[in-house]
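Trainee: Pasted the sequence and its predicted model underneath.
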Amino acid sequence: MQKSLSTAQKFIEKKIKNSPEIAVVLGSGLGAFADFVNSRIEIPFENIPGFPVTGVSGHLGKLVFGELGRKKVVVMCGRPHYYEGHSMRDVVFPVRLFKLLGVKTLILSAAVGAVNKSYKVTDLVAVSDFINLMGDNPLRGSHDKSFGEMFPDMSAAFDKNINSLITKFSQKFRITTRTGVYLAVSGPSYETPAEINAFRLLGADVVGMSVVPETIAAVQMGMRVACVCNVSNLAAGVSKKALSHKEVLEAGKAVSDRFEKLLRGLIGAI
């Protein structure tokens with residue numbers, strides 16, 4: 001892992017002018033946010049040595065380096081997923097690479113299903129905590145001290161100060177943003193109504209198939225983490241409609257303007 005990361009780091013550093021300080025990971029249907037990055041340098045995933053690729057519709061599969069406001073950023077358009085067959089080590093490879101490149105703050109996004117019955121499609125959700133039911137953990141295996149502690153504290157995985165900024169800019173732009181708990185499953189099949197009922201009893205507000213491995217790895221490496229999700233569908237049993245990935249992509253387009261405005265304000269204030 002260290003050798004692969006080092007090779008990827010050297011490859012990227014030869015192509016970019018400035019080290020990024022903020023990384024943004026874009027979920028399904030949210031790739032248009034990268035268009036706001038100035039002085040862009042785009043690198044496809046498949047061109048980066050050792051970098052895991054994704055074949056999921058709605059994930060463009062590239063890193064975009066540049067500036068947003070006065071901040072140096074890297075925007076990850078799409079992500080590798082555990083359900084694609086990637087190992088957990090590969091799923092968090094980008095996060096570990098970002099840290100080596102100089103990133104201090106990681107902003108995640110993802111399309112999610114609403115477990116909380118009061119949530120509506122296209123609602124934005126600032127994640128306050130998570131429940132990991134993926135059946136795996138990115139830190140499992142031989143411990144590499146260079147990444148951080150073997151047993152990192154997850155009691156405050158999502159940065160409270162950044163979440164306060166999300167609330168501030170949501171109010172400023174009159175964007176309704178909820179705060180909730182993200183429950184992660186491995187996928188790729190959607191959940192059953194019985195599972196959603198169980199997740200609700202556990203305290204989950206939204207359910208998804210990403211975010212948590214990246215958060216765990218980032219916290220271990222001492223990065224500040226925040227996550228803004230968009231509700232792309234009502235989870236099984238909450239709605240009578242059949243669930244589909246097409247619905248996810250359509251919801252991403254519908255929420256993109258609000259998401260982009262919120263994120264640009266947030267990045268400028270960090």
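Mentor: Here it is on my side, so go on.
Trainee: looking just at contacts, which helices and strands does the helix or strand harbouring Leu106 meet?
Mentor: For Leu106, the element it lies in under DSSP states H and E is strand 105-114. Secondary structure elements in contact with strand 105-114, counted by 3 or more CB pairs under 8 Å, 6 or more residues apart in numbering; DSSP states H and E, are strand 22-26, strand 206-208, helix 212-220, strand 224-234, helix 245-269. C-beta: built from backbone N, CA, C; applies to glycine.
Trainee: List the neighbouring strands of that strand plus their orientation.
Mentor: strand 22-26 (parallel), strand 206-208 (antiparallel), strand 224-234 (parallel) (DSSP bridges).
Trainee: Let me know the angle separating it from helix 212-220.
Mentor: Calculated by axes from the mean of the first three to the mean of the last three CA atoms, to 10 degrees, strand 105-114 forms an angle of 150 degrees with helix 212-220.
Trainee: how far does strand 105-114 sit from the chain's center?
Mentor: Averaging C-alpha positions (CA atoms, centre = their mean, to the nearest Å) puts strand 105-114 4 Å from its chain's average.
Trainee: following that strand, which helix or strand shows up next?
Mentor: Taking DSSP H and E, what comes next after strand 105-114 is strand 124-132.
Trainee: picking up where we left off before, format the strands paired with strand 105-114 as TSV; extra columns: mean neighbour count, distance to Lys117 and mean pLDDT.
Mentor: Below are those laid out as TSV (neighbours: other CB atoms under 10 Å; distance: least, CB to CB, whole Å; pLDDT from 0 to 100):
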stretch	mean neighbour count	distance to Lys117	mean pLDDT
strand 22-26	25	28	96
strand 206-208	25	12	97
strand 224-234	24	8	93
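Trainee: now these as CSV including distance to Asp90?
Mentor: What follows is the strands paired with strand 105-114, written out as CSV (distance: least, CB to CB, whole Å):
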stretch, distance to Asp90
strand 22-26, 15
strand 206-208, 18
strand 224-234, 19
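Trainee: closest to Val127 out of these?
Mentor: The closest of the strands paired with strand 105-114 to Val127 is strand 224-234. By CB to CB, the value is 4.0 Å.
Trainee: Take the closest one, keep the C-alpha atoms, and write them as PDB.
Mentor: Provided in PDB are the C-alpha atoms of strand 224-234 (Å, rounded to 0.1, in the frame of the first residue of the first chain):
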ATOM      1  CA  ARG A 224     -11.300  16.900   9.400                       C
ATOM      2  CA  VAL A 225     -14.400  15.300   7.800                       C
ATOM      3  CA  ALA A 226     -17.800  16.500   6.800                       C
ATOM      4  CA  CYS A 227     -20.500  14.900   4.700                       C
ATOM      5  CA  VAL A 228     -23.500  16.400   2.800                       C
ATOM      6  CA  CYS A 229     -25.800  13.800   1.300                       C
ATOM      7  CA  ASN A 230     -28.800  14.300  -1.000                       C
ATOM      8  CA  VAL A 231     -31.900  12.200  -0.500                       C
ATOM      9  CA  SER A 232     -32.300  10.500  -3.900                       C
ATOM     10  CA  ASN A 233     -35.100   8.100  -3.000                       C
ATOM     11  CA  LEU A 234     -37.400   7.100  -0.100                       C
END
